[in-house]
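Asker: Dropping the sequence and predicted coords here.
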Amino acid sequence: MLKKSLDDVCYKVTFIPGNYRNVLEYLLDKFVNIKIKKMSSKIIIVTGSAGNLGQAVVKKFIGEDYHVVGTVRNLKEPENKNNINLEKVKLDLMNEGDCQKFVDGVVEKFGTIDVAVLTAGGFSSGNLLSTNTSDIAKQYQLNFETAYNIARPVFTQMMKQNKGRIFLIGSQAGLNTSNAKAAIGYGLSKSLIFRLAEVMNAEAKKKNVVVSVIVPGIIDTPSNRESMPEADFNNWVTVSQIADVIYFYSSDEGSVIREPVIKVYNNA
C-alpha cells in the first residue's frame, strides 16, 4: 500500500508546473530518497489513440522519448498510470470549442507542440445511388471535422513557435476520387483532408511548419483480415510500418523534407 501511494505521488508530481515541481522533486529526493523520472521534452498529440493506428503511433513515439497526449472517446481507468510519458484525455473531436480548450491546455502545460498525428476517423461504404446527403454529412463530420477541429489550433500554435509537423490521415479514395465509387461519402470527406493540407502548407511557406497527409494502402488489421480472408496479407502495410514512417518524417533527419503527400502502400 505504501509503495502504491508513493508511486502515485511520483506520477502526479511530474504534471505539476515548473517551479513548484522543482521544489517537490528536491524535497522528495532530499528527505524521502525518491527521485522523480523526468518527462520527455518533445510533445506529440495523437487523436484516436485507442485505435489500431493510434496505438502504434503512441507506442512508437514513446519509444523515441516523446511525451504523448492521446485523445480517446471513452476514458477507462488509466492504463497509462505508470507511464509518465503517456496521458490520455477524453475528448469529443466534433466539439470545436472543446478541441480549442484541449489544445490550449496542452500548450499551457508544456509550452509547445512538436508533432500532431490525427488518426481519428471512420469508414462507410455506399455508391452514388445509395448515398444521400445525410450519409455524406456523417462522413464529413467523422473524417474532416475531427481533423480540422484539432489541426486548426495546433497549426496556429506551431506557426507561433515557428516549428512543428502535423500528419493527417488520407486515403486512396480521397487522393483520387475515381477510387471512391463504392464509398462516395468516405472518398469526398477524405478528399478535403488533402485540400486542408494544401491550404496550411501555403500559409506556412518559409516557416518550419509542415502538414503532411499519410495515404496508406490496405492496412493489416483484424477487421480487414476478416473481411478479406483470401488476400495476401504480406502485401498489406502494418500500423507499425506507418508509425515508423510518421516518426521518420518528424525526426531531425526527416525535418528537411516538405512532403505534402506520403504514400505508404507496401505491395497492395
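Answerer: Arrived safely.
Asker: For the protein, just list every one of the strands.
Answerer: Under the criterion DSSP state E, the chain contains strands at 42-47, 66-72, 86-90, 115-118, 164-169, 209-216, 261-264.
Asker: Show me this structure divided up by domain.
Answerer: 1-37, 39-264 (automatic domain parsing).
Asker: highest average neighbour count across those?
Answerer: Highest mean neighbour count among those (mean count of other CB atoms under 10 Å): domain 39-264, with a mean of 18. (Glycine included, C-beta is placed from N, CA and C.)
Asker: starting at the chain centroid, how far to it?
Answerer: Here the centre of domain 39-264 is set off from its chain's centre by 5 Å, with CA atoms, centre = their mean, to the nearest Å.
Asker: Wait, Gly54 touches Val68, no?
Answerer: No. Under the criterion of CB atoms under 8 Å, Gly54 is not in contact with Val68, lying 10.0 Å apart.
Asker: shared neighbours of those two, anything?
Answerer: Shared contacts of Gly54 and Val68, defined by CB atoms under 8 Å, 6 or more residues apart in numbering, are found at Val46.
Asker: the helices in this structure, which residues?
Answerer: Listed in chain order, the helices of the chain (DSSP state H) span residues 2-13, 18-31, 52-63, 96-110, 133-139, 146-161, 172-175, 184-203, 222-227, 239-250.
Asker: Quick check: which of those helices is nearest to Asn83?
Answerer: helix 52-63 (7.1 Å; CB to CB).
Asker: So which elements touch the closest one?
Answerer: strand 42-47, strand 66-72, strand 115-118, helix 239-250 (3 or more CB pairs under 8 Å, 6 or more residues apart in numbering; DSSP states H and E).
Asker: that older thread, save the strands of the chain as JSON lines, and put in distance to Asn234 and mean pLDDT too.
Answerer: Below are the strands of the chain laid out as JSON lines (distance: least, CB to CB, whole Å; pLDDT from 0 to 100):
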{"stretch": "strand 42-47", "distance to Asn234": "27", "mean pLDDT": "98"}
{"stretch": "strand 66-72", "distance to Asn234": "30", "mean pLDDT": "97"}
{"stretch": "strand 86-90", "distance to Asn234": "31", "mean pLDDT": "95"}
{"stretch": "strand 115-118", "distance to Asn234": "26", "mean pLDDT": "98"}
{"stretch": "strand 164-169", "distance to Asn234": "23", "mean pLDDT": "98"}
{"stretch": "strand 209-216", "distance to Asn234": "16", "mean pLDDT": "97"}
{"stretch": "strand 261-264", "distance to Asn234": "15", "mean pLDDT": "95"}
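Asker: Out of those, flag the one nearest Ala180.
Answerer: Counting by CB to CB, Ala180 lies closest to strand 209-216 out of the strands of the chain; the figure is 13.2 Å.
Asker: ok, and what's touching that closest one?
Answerer: Taking CB under 8 Å, 6+ apart as the rule, strand 209-216 contacts 151, 155, 158-159, 162-172, 174-175, 193-194, 196-197, 200-201, 204, 237, 242, 245-246, 249, 258-265.
Asker: What does the pLDDT read for Glu259?
Answerer: pLDDT for Glu259: 88.
Asker: correct me, but it touches Ser250?
Answerer: No. Glu259 is beyond contact range of Ser250, at 11.7 Å (criterion: CB under 8 Å).
Asker: For the residue nearest to Gly185 when sequence neighbours are not counted, list the residues it contacts.
Answerer: Excluding its sequence neighbours, the residue lying closest to Gly185 (CB to CB, 6 or more residues apart in numbering) is Gln139, at 3.7 Å. Counting by CB under 8 Å, 6+ apart, Gln139 touches 122, 124, 185-186, 188-189.
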